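*Asks:* from the sequence below, what's the structure:
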Amino acid sequence: MTGRAHHPPTGPSTVDELIAANAAFAAAFDPASPGCDLSSPRPTRRAAVVACMDARLDLFAALGLALGEVHLIRNAGGIVTDDVLRSLALSQRKLGTREVLVVHHTDCGLHGLDDEALADEVEAETGERPPFAFGGFDDLDASVRASVARVRAATYLPHRDVVRGAVYDVRTGRLREVC
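*Replies:* All right, here's what the predicted structure looks like:
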């Protein structure tokens, strides 16, 4: 088993910078700003968005959202996994959401990813094979359709009639509906 050497940072880390940035944000934070409703954990638009964690996706801006309007569930690829379904079940059953939008995007890091090769790499480096699939795909639209189908098939979700999927183009900012 091989491991990577740990090298402590030689100055402020990115996390240090993020925490410091939050102090400035909190000092100027206005919960009464237009469109912002923080009175309840229930999203005012009664919808959940499942999307990729890619740092290029500003979903609040791209979808015209304000704080408090939707639940935003993000992971690598925006793939509907067991954990996403867990979050959607809570979102619908306890927090009032009724609709789901699945958003994948162009130029995704999972596009063309070989799950087996990456699992082999992790196992060779650590001695342990990951207990999950990474979610690599070759066809972006098919990946969206598969995630939408997984939500629609989850019978423990009470609201499966409005589940739609789209692809966000990172170069244009446009959303293209797939299903």
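
*Asks:* contacts for stretch 95-102, please.
*Replies:* With contact meaning CB atoms under 8 Å, 6 or more residues apart in numbering, stretch 95-102 is reached by 41-43, 46-51, 63, 70-71, 78, 80, 88, 91-92, 144, 147-148, 151, 159, 162-166. C-beta here means a position set from N, CA and C on the backbone, and glycine is covered the same way.

*Asks:* so how do I select the buried members of those in ChimeraX?
*Replies:* To isolate the buried members of these in ChimeraX, using 16 or more other CB atoms under 10 Å:
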select :43,46,47,48,49,50,51,63,70,71,78,80,88,91,92,144,147,148,151,159,163,165,166
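
*Asks:* filter the contacts of stretch 95-102 down to the ones in helices?
*Replies:* 88, 91-92, 144, 147-148, 151 (DSSP state H).

*Asks:* could those residues go into JSON lines alongside pLDDT and distance to V178?
*Replies:* Putting those into JSON lines (pLDDT from 0 to 100; distance: CB to CB, whole Å) gives the following:
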{"residue": "L88", "pLDDT": "98", "distance to V178": "19"}
{"residue": "S91", "pLDDT": "98", "distance to V178": "22"}
{"residue": "Q92", "pLDDT": "98", "distance to V178": "22"}
{"residue": "V144", "pLDDT": "98", "distance to V178": "4"}
{"residue": "S147", "pLDDT": "98", "distance to V178": "10"}
{"residue": "V148", "pLDDT": "98", "distance to V178": "8"}
{"residue": "V151", "pLDDT": "98", "distance to V178": "13"}
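
*Asks:* widest-spaced pair of these?
*Replies:* Q92 and V144 (20.3 Å; CB to CB).

*Asks:* tell me how many other residues crowd G77.
*Replies:* When neighbours are counted by other CB atoms under 10 Å, G77 registers 25.

*Asks:* verify the stated contact: it with H105.
*Replies:* No: look at G77 against H105 with CB atoms under 8 Å: they stay out of range, at 9.1 Å.

*Asks:* all strands of this protein, in order?
*Replies:* Per DSSP state E, the chain carries strands over the ranges 47-52, 70-75, 99-105, 163-168, 175-177.

*Asks:* can you say which of the ones you listed is nearest to G135?
*Replies:* Closest approach to G135 among those (CB to CB): strand 70-75, 8.4 Å.

*Asks:* mind giving me the packing neighbours of that closest one?
*Replies:* Judged by 3 or more CB pairs under 8 Å, 6 or more residues apart in numbering; DSSP states H and E, strand 70-75 is in contact with strand 47-52, helix 82-95.

*Asks:* strand partners (parallel or antiparallel) of that strand?
*Replies:* In the sheet, strand 70-75 lines up against strand 47-52 (parallel) (DSSP bridges).

*Asks:* poorly predicted segments of the chain, please.
*Replies:* In the prediction, the chain carries residues with pLDDT under 70 at positions 1-9.
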